[in-house]
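Participant: here are the coordinates; sequence isn't available:
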């Protein structure tokens, strides 16, 4: 198998042949997916970095990779021994991708990229700084030319439709909502590029992305038509019939560009530059019959607020998922107590055994993160057969995991004490519990954004001059990807929270080489009360799994925080006890026992 150095050398040779002096490889597929079908892992192939949300730029003499704060430690480790310079996004003195390219290129030179895997927004941001310098951005596809060694095929898993009894609405009803919104926005059509939005719109599911039940497809929606571009062989007859009954026509996946090039009816087309790839966006702009409006995809806020059917199913699936988590923890503790040698990989095996046994289980919602000790400082660490830790009877084990079911998607993190803890570990854990509780019990007026709420969670850690380089929480899809939007809890999100939104609550402490702590629940946003001051909102947990109390340093939590934690554990026991046997209930009762000041 070739090395990263050999792959970069081959890329540079191809760059010289086509006449470009720099080449950019984003983390991307034709649908701006966060998690990619393995066929599109080109950035990983050429760099060796296995994380997310990163960009590789290769010039004829240098190369650099941009990673966000979740992956600094992992990227440093995986890029070691290569020429690739790690660019820590957001850190002082670190140039942006655009600034780096502008500095590296001069007038008359060319930056190359693949138009199908780069979003229009990315290309436009590059052109904004490169055009004034006389540097051209050109579309190539050197990845397909060079990555032939063991490259996975394009995904074509069986596609199916999520029944309306789970989704809460039919595709016809959702298309009607979309068309009304398009009219409101002054548009007559939309190019739907993102898989999660398309999945919600048409109730379409498949398994084209590992751990994510989506089908590779596009949809072009007008006021009286909807064309789904997909490998039609994947759809069973009953799905084709149901889509046709809802007014959806079928076309081949590869027909999208010819269709747009030849489309003759005048339309004002909404196309979101963040979610429509550059090749498709360019085809829309090049067609004189089409007027393109660059607007945010209205499907994202539509699906971000869950309907009552989705919420009811979500609550139920979290209870089943919690049963699996309880059985996992009980077995883990018993096997460690018996002196058995367990590893981070064992954690994944036990979790899968219990989660996959639950009713309506489809797949893990992401690859389990089981990180012992210092490994947990890498926020998205993954144990492998070649590199994993043995669990010891000391310190912490962090487990971040989840499941996707026919009736919902879960995401949970618990940090388990395995034995004696240092004073630093206990204090950092206690402060993380405080941060978790403070956002969970927050009450706010309905003008508050994710940015405003995010500060509530950070304050207990800020008191000790500690911060975490990621958001406090993200939205979660319904039977879909574990990261959704448009709302989130972070320092940049300007979306106002509304009832029906689902968000994770996952503050943490990450000290490289020493420890990593995170506690995560999913929360549902609810209307609390309306009075003379306005409409107040609050959160209600969706996740019902014990939070370890033995590491908590006495006297640190406030009375309100203690009251919340004890009330939460009472609810955990009430929700789960009827679904457990006697031995499991006794175990859970001990884990949910109230603690005092």
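Facilitator: Cool, got the structure. Just so it is clear, the model here is predicted, and its values are computed rather than measured.

Participant: For residue 197, see how far away residue 209 is.
Facilitator: 14 Å (CB to CB, to the nearest Å). (Each C-beta comes from the backbone N, C-alpha and C, glycine too.)

Participant: try residue 64
Facilitator: 32 Å.

Participant: Mind listing what's buried along stretch 125-139?
Facilitator: 126, 129, 130, 135, 136, 137 (16 or more other CB atoms under 10 Å).

Participant: Quick one: residues contacting the last one.
Facilitator: Put plainly, it is residue 137. Residues in contact with residue 137 (CB atoms under 8 Å, 6 or more residues apart in numbering) are 110, 111, 112, 113, 123, 126, 127, 130.

Participant: where does the second one fall, helix, sheet strand or coil?
Facilitator: Secondary structure for residue 111, judged by DSSP: H, G, I helix; E, B strand; the rest coil, is strand.

Participant: the domain parsing of the chain - what is it?
Facilitator: According to automatic domain parsing, the chain comprises the domains 4-146, 160-302, 305-591.

Participant: what would those look like in TSV with mean pLDDT and distance to residue 152?
Facilitator: Formatted as TSV, the domains of the chain follow (pLDDT from 0 to 100; distance: least, CB to CB, whole Å):
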stretch	mean pLDDT	distance to residue 152
domain 4-146	95	4
domain 160-302	97	10
domain 305-591	97	16
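
Participant: Could you say which one of those comes nearest to residue 154?
Facilitator: Nearest to residue 154 among the domains of the chain is domain 4-146; the distance by CB to CB comes to 5.2 Å.

Participant: next one: the closest one to chain centre, how far?
Facilitator: 21 Å (CA atoms, centre = their mean, to the nearest Å).

Participant: thinking again about what came up before, name the nearest of the contacts of residue 137 relative to residue 218.
Facilitator: Using CB to CB, these come closest to residue 218 at residue 123, 18.2 Å.

Participant: Could you tell me how far that closest one is located from residue 26?
Facilitator: Counting by CB to CB, the gap from residue 123 to residue 26 is 10 Å.

Participant: where do the contact lists of those two overlap?
Facilitator: residue 113.

Participant: all strands for the stretch 351-500 of the chain, in order.
Facilitator: Here the stretch 351-500 of the chain has its strands, by DSSP state E, counting those that start in this stretch, at 361-364, 369-372, 396-401, 403-405, 408-409, 412-417, 443-445, 473-474, 488-489.

Participant: Could you check stretch 494-503 and say which residues are buried?
Facilitator: 495, 497, 499, 500, 501, 502, 503.

Participant: Now do the same for the last one: helix, strand or coil?
Facilitator: In other words, residue 503. Once three-state DSSP is applied, residue 503 turns out strand.

Participant: For it, name its beta-bridge partners.
Facilitator: Residue 503 forms beta bridges with residue 475, residue 523, as assigned by DSSP bridges.

Participant: and stretch 503-512, how far out from the chain's middle?
Facilitator: Using CA atoms, centre = their mean, the offset of stretch 503-512 from its chain centre is 15 Å.

Participant: Which residues in that stretch does the neighbour count mark as buried?
Facilitator: 503, 504, 505, 506, 507, 508, 509, 510.

Participant: Which of the residues you listed sits closest to residue 482?
Facilitator: So of these, ranked by how close each gets to residue 482 (CB to CB), first place is residue 504, at 8.8 Å.

Participant: Can you tell me the closest non-neighbouring residue to that closest one?
Facilitator: Closest residue in space to residue 504, ignoring its immediate chain neighbours: residue 473 at 4.1 Å, by CB to CB, 6 or more residues apart in numbering.

Participant: so what's the one you found up against?
Facilitator: 439, 457, 488, 489, 490, 503, 504, 505, 506, 523.

Participant: picking up where we left off before, between residue 64 and residue 197, which has more neighbouring residues?
Facilitator: A count of neighbours by other CB atoms under 10 Å puts residue 197 above the other of residue 64 and residue 197, at 25 against 22.
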